[in-house]
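[1] sequence and predicted model, in that order:
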Number of protein chains: 2
Amino acid sequence: MVNKDFTISHAAQKTGLTASAIRYYEDQGLLAKTTARINGRRVFDTKAIADLSLLNDLRLAGMTLTDIKEFQSQRRNAGATCASLAEIAQHRAAKLRAQIKAMRLAEERLRNFASNCSSQCGCSQASQCNQIDNLIKSS
Amino acid sequence: MVNKDFTISHAAQKTGLTASAIRYYEDQGLLAKTTARINGRRVFDTKAIADLSLLNDLRLAGMTLTDIKEFQSQRRNAGATCASLAEIAQHRAAKLRAQIKAMRLAEERLRNFASNCSSQCGCSQASQCNQIDNLIKSS
DNA sequence: TTACCACTTAAAGTAACTTGAAGAGCAAGA
DNA sequence: TCTTGCTCTTCAAGTTACTTTAAGTGGTAA
């Protein structure tokens, strides 16, 4: 099994990032190892791809680039304990749960609106739609 | 029941927005009615609060300000049908479901990492943590 | 050889706000 | 009455995380 090298666009495809985002992350110092080059072009091995994937996953989890830098530096810091990484992850997971909850609520309201608007509204004109109130949070 | 007026900060509190965001939305023409003023200060009645709430909800549902302008203009457009609003809502709900799915996955991975890192890792140093691989998407 | 394609850098543009500076209205306290 | 403090006002500039654009390079296919 060979440790194949990928171009930036292949790396992008593999990780779900864009090529320009990968360049940006490199600029911002988020790729610990300086990216290897052949003929001036970046090449990514499987390890580099994995690092990019993790980066993307942490972003999807709502971490900012600053958060991620902190996470990475903890990971490399010889004095840091494993528990400190776990704590960061726990905090982030809790935040995510709150976000997911809000989004589920929003999704439900949109879905209800769409279905009521179609079936119960009785108005043919958008400007007279009375179901729009269902979109408004009941608080 | 009086139609009480609110200051911008009260409106912010009621809707979950910030005062500066509300000013920004007004600048961007997202508040259909020109906001009423007393002594040069904005005042928001219950209708205005409801409009802001809807705006916030649509943002929470992941709609961009451009999306929302489109939604509003459909709503006011005498020629538009009610179904066209429903369609926008349906599209948005579907997108939200996809986002929620991705976020649940990310949450699960973070949570697993935190718990494995604490209980099974056995390493005391973050730099040697072998559970970090669990964070990486298995694709 | 010419055309094309994916890559390169650097700089500028974008969305959705936030922050900061400078100033005004008004209530409470000395 | 004066002053302190609070919240509001506008306008400009800053922020995050990229994307887009412009101008140029290297390798390959026709």
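    All right, it came through fine. No experiment lies behind these values; they were computed from the predicted model shown.
[2] going by C-alpha atoms from here, please, whenever you check contacts or count neighbours.
    Noted.
[3] do stretch A:24-35 and DNA strand C meet at all?
    No - Stretch A:24-35 lies out of reach of DNA strand C by C-alpha under 7 Å from any atom of the strand, never closer than 8.4 Å.
[4] now A:Thr18. Nearest residue, chain neighbours left out?
    Distances taken as C-alpha to C-alpha, 6 or more residues apart in numbering or on different chains put A:Ala12 closest to A:Thr18, at 5.1 Å, once the chain neighbours are dropped.
[5] quick one, phi/psi of the residue in chain A positioned nearest to DNA strand D?
    Nearest residue of chain A to DNA strand D (C-alpha to the nearest atom of the strand) works out as A:Thr64 at 3.2 Å. Dihedral angles phi and psi of A:Thr64 (degrees, to the nearest 10) take the values phi -80, psi 170.
[6] what's near enough to touch it?
    By C-alpha atoms under 8 Å, 6 or more residues apart in numbering or on different chains, the contact list for A:Thr64 is empty.
[7] can you give me the pLDDT of it?
    A:Thr64 is assigned 92 on the pLDDT scale.
[8] follow-up on the earlier one: and the residue nearest to A:Thr18, how many residues sit next to it?
    A:Ala12: 19 surrounding residues under other C-alpha atoms under 10 Å in any protein chain shown.
[9] what about the helix or strand where it lies and DNA strand C, touching?
    Using DSSP states H and E, A:Ala12 sits in helix A:8-15. Yes - using C-alpha under 7 Å from any atom of the strand, helix A:8-15 reaches DNA strand C at A:8-10.
[10] can you give me the strands in chain A?
    Along chain A, counting by DSSP state E, strands occupy A:36-38, A:41-43.
[11] buried stuff in the last one?
    With burial defined by 16 or more other C-alpha atoms under 10 Å in any protein chain shown, the residues of strand A:41-43 counted as buried are A:42-43.
[12] quick one: mean pLDDT for that strand?
    pLDDT averaged over strand A:41-43 gives 96.
[13] one more: the first one?
    Averaged across strand A:36-38, the pLDDT comes to 93.
[14] so what touches that strand?
    A:42-44.
[15] check which helices and strands the longest helix along chain A sits against.
    Longest among the helix segments of chain A by residue count, using DSSP state H, is helix A:82-119. Applying 3 or more C-alpha pairs under 8 Å, 6 or more residues apart in numbering or on different chains; DSSP states H and E, we find helix A:82-119 packed against helix A:65-76, helix B:46-60, helix B:82-119.
[16] with mean neighbour count and distance to DNA strand C added, can I get those helices in CSV?
    CSV is the format used below for the helices and strands packed on helix A:82-119 (neighbours: other C-alpha atoms under 10 Å in any protein chain shown; distance: least, C-alpha to the nearest atom of the strand, whole Å):
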stretch, mean neighbour count, distance to DNA strand C
helix A:65-76, 16, 14
helix B:46-60, 20, 6
helix B:82-119, 19, 14
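[17] and the residue nearest the centre of chain A?
    In chain A, the C-alpha nearest the mean C-alpha coordinate belongs to A:Leu60, at 1.6 Å (C-alpha atoms, centre = their mean).
[18] in terms of pLDDT, where does that residue sit?
    Residue-level pLDDT assigned to A:Leu60 equals 88.
[19] what angle separates the helix holding A:Ala12 from helix A:46-60?
    If you take axes from the mean of the first three to the mean of the last three C-alpha atoms, to 10 degrees, helix A:8-15 sits at 60 degrees to helix A:46-60.
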